[in-house]
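1. Mind looking at a prediction? Sequence and model below.
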Amino acid sequence: MTKTKLTKEIEQALVKRIAIGNLKSQYGAIEVPTGSWVGRGKENIDFATYSPRNQEISCFEIKVTKSDFNSNASLSFLGNKNYLVVPYDLGRYLADNWHNHKVTDTWTHSNLALSGIGVLAYFPYNYDAIMKNYRDESIHDQVLHDYSHASNHFVTLIKCKRKEIHLAQKMSLIEGILRAGCRDAEKAYLDGKYL
């Protein structure tokens, strides 16, 4: 499936998010392969990070539209922390309806609200863009509040719950992050981008 421009923009922002900080504290990769231990065959996680300091793996699934969110595509929430990463407007919709069962029962992934998954909204706006795009809307104050809590173009609208994962699963995810990072480095070098 071809990635949309917005999906690529969100991926780039996720990579920048860990690269801006101390690169030694977190390592991440895009399209991280998982092993067959998942029980459903091979899957890819949109973005995953590993933090050696606390041995924690975070998985991020990117969905850019409501129909993308409601598709039958699998969601690979396999880490200690798991996030659904969405554009701000979709994130606000999800956050506002997260515990409204009349709405969530219509979602393809209706059990998300009970599973401890967090919602991380992509928030690329500056103050001027907010004033222009949300001036007449009823959520104007909420958008300004979220803007004040945004960091590196993201705002956490729903916090995730940490879960323990089996050692074999953790090792497989670390291997997947390593393989994806090597794959991307090889592509970059073979394309001559870093020579």
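-> Structure received.

2. CA atoms for contacts and neighbours, from now on please.
-> OK.

3. mind listing what's buried in the helix or strand harbouring S148?
-> According to DSSP states H and E, S148 maps onto helix 140-149. By neighbour count on 16 or more other C-alpha atoms under 10 Å, the buried set for helix 140-149 is 143, 146-147.

4. Just the buried positions in stretch 51-63, please.
-> Result for stretch 51-63 [16+ other C-alpha under 10 Å]: buried residues 56-63.

5. picking that back up, closest to I158 among the buried residues of helix 140-149?
-> I158 has its nearest neighbour among those in D146, at 11.7 Å by C-alpha to C-alpha.

6. The closest one and P124: what is the separation?
-> 12 Å (C-alpha to C-alpha, to the nearest Å).

7. C160: helix or strand, and which one exactly?
-> Counting by DSSP H and E, C160 is part of no helix or strand.

8. what's around it, how many residues?
-> Neighbours of C160 under the rule other C-alpha atoms under 10 Å: 18.

9. Over to the one 5 residues further on?
-> I165 is surrounded by 14 other residues when neighbours are defined as other C-alpha under 10 Å.

10. so what strands line up beside the helix or strand L120 falls within?
-> Under the criterion of DSSP H and E, L120 resides in strand 118-122. Applying DSSP bridges, strand 118-122 is found paired with strand 81-87 (parallel), strand 154-158 (antiparallel).

11. Out of the ones you listed, flag the one nearest L178.
-> strand 81-87 (18.4 Å).

12. Tell me the buried residues in stretch 97-106?
-> 98, 104.

13. ok, residues contacting whichever strand or helix holds C182?
-> Secondary structure from DSSP H and E places C182 in helix 167-190. When contacts are defined by C-alpha atoms under 8 Å, 6 or more residues apart in numbering, helix 167-190 is touched by residues 28-35, 37, 48-50, 57, 79, 194-195.

14. And the closest residue to N44 other than its chain neighbours, how close does it get to A13?
-> Of all residues not flanking N44 in the chain, P33 sits nearest, at 4.4 Å (C-alpha to C-alpha, 6 or more residues apart in numbering). Per C-alpha to C-alpha, P33 is found 20 Å from A13.

15. Compare these two (neighbour count), which wins?
-> Neighbour count, other C-alpha under 10 Å: between P33 and A13, P33 has more, with 23 against 18.

16. If I look at that one, what pLDDT would I see?
-> You'll see P33 listed with a pLDDT of 89.

17. tell me the phi and psi of it?
-> Phi and psi for P33, reported as degrees, to the nearest 10, are phi -70, psi 140.

18. rewinding a little: state the pair within the contacts of helix 167-190 that is farthest apart.
-> Within the contacts of helix 167-190, W37 and L195 form the most distant pair, 37.4 Å apart (C-alpha to C-alpha).
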